[in-house]
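1. Mind looking at a prediction? Sequence and model below.
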Amino acid sequence: MKIVIHPPVDEARLARIREAAGASAVVVNAAEVEDADAFLGKITPELLARARKLRWIQTFTASLEHYVFPELVAHPCTLTNMRGIFSDVIADHVMGFVLAFARNLHAYVRRQREARWAPVGGESDRPSMAFGAGNVAGFDRAHQHLSDLAMGVVGVGAIGAEVGRRARAFGMRVRGVDPVRKEAPEGMEAVWPLERLDELLAASDYVAICAPHTPETAGMFHRGRLRKMKRTAVLINIGRGAIVPLADLTAALEAGEIAGAALDVFEVEPLPPDHPLWKRENVILTPHVAAASPRIAERHLETLLENVRRFVSGRPLLNVADKARWF
């Protein structure tokens, strides 16, 4: 049995892969793909066309929109990816966005730079510390109580399920939509079919896009769909930038059709420095870092090694992808 790696990996990682492969040959030479049983890394149409006995391909990424191509979809080999290793980290990022908006932290950071002591909404919106006093109604408009709010999760895979668990821990009501999943994971009241997306948007105060980029999700959150959201709601996108057309989102924000947006992924990356989203006070932008964590490298390697062990021993592989659906 032969396993080909391309592009090359560092020597320490290569040694671990060879150990996991046991008696199987592990080579770092794409030219040997012709008689390879497995391929780890980035395969191309040219390499796939030369492979005569390939049974398994392991990507080094979770996302597949830049990986799959028609010949790969048609090929009988099994494709596995790296989904599942980022779930908790990205869910933390989502809740960071939620807390920032709920407590107006993004606004207070700006006021800190100005050395300006001023509660969002003005002094009248801050409840007095005196017993029985304070404009509580005004405070409610400026700052949110999370357990009064609903989270809608678009895409209830590993990341979406983790977002739901965290949101529920803050007391939020959580529902999701997903084209495949039927059963609600821990923390979610229900997972609805994708046909009920507009209903989910109308019922949610925060909408977290946790879906991959697929032919079905590209451009999904166009202007018309954004108008299905509450005018007081915030859109969060940690899925893929292609899902939210930036021109439509910008127009919706400028028209006051939604209250705000928090984005870690963008239709165009890097986001151009002259893009109007940079200057909007009701927008939080992070540069595609939601998955950043010191734990990811070790998880990535362990997932890879486990699948190598499973392949050489004939056991079912982890993270088998539907090539035609890109996830």
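-> Alright, I've got the coordinates. Numbers count the residues shown, from 1 in each chain.
2. quick one, what contacts the nearest residue to residue 51 once chain neighbours are set aside?
-> Using C-beta to C-beta, 6 or more residues apart in numbering and skipping residues adjacent in sequence, the residue nearest residue 51 is residue 33, 4.9 Å away. Where C-beta positions appear, they are placed from N, C-alpha and C, glycine not excepted. Residues counted as contacts of residue 33 (C-beta atoms under 8 Å, 6 or more residues apart in numbering) are 4, 6, 39, 43, 47, 50-51, 54.
3. Show me which of the residues you listed are buried.
-> Among these, those classed as buried by 16 or more other C-beta atoms under 10 Å are 4, 6, 39, 43, 47, 51, 54.
4. Identify those among the residues you listed that sit within helices.
-> Filtering those for membership in helices, criterion DSSP state H, returns residue 47.
5. Sketch out the low-pLDDT regions of the protein for me.
-> By pLDDT under 70, the weakly predicted segments of the chain are 122-141.
6. So for it, the centremost residue is which one?
-> Taking C-alpha atoms, centre = their mean, the centroid of the chain lies closest to residue 239, which sits 3.5 Å from it.
7. So that one lies in a strand, does it not?
-> No. Assessed with DSSP: H, G, I helix; E, B strand; the rest coil, residue 239 is coil; it does not lie in a strand.
8. State the distance from the residue nearest to residue 51 to residue 20.
-> The spacing between residue 33 and residue 20, counted by C-beta to C-beta, to the nearest Å, is 20 Å.
9. ok, which stretches of the stretch 201-327 of the chain are strands?
-> For the stretch 201-327 of the chain, the strands defined by DSSP state E, counting those that start in this stretch cover 206-209, 234-237, 260-263, 283-285.
10. I'd like to know which of those lies nearest to residue 324.
-> For residue 324, the closest of those is strand 206-209, at 21.7 Å, according to C-beta to C-beta.
11. Relative to that closest one, what are the paired strands and their orientations?
-> Each strand paired with strand 206-209, and its direction, by DSSP bridges: strand 150-154 (parallel), strand 234-237 (parallel).
12. can I get those strands in CSV with mean neighbour count?
-> Formatted as CSV, those follow (neighbours: other C-beta atoms under 10 Å):
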stretch, mean neighbour count
strand 150-154, 26
strand 234-237, 27
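13. Which of those sits closest to residue 277?
-> Using C-beta to C-beta, the strands paired with strand 206-209 put strand 234-237 closest to residue 277, at 11.7 Å.
14. isn't the residue nearest to the centre of the chain right up against residue 214?
-> No. Look at residue 239 against residue 214 with C-beta atoms under 8 Å: they stay out of range, at 10.1 Å.
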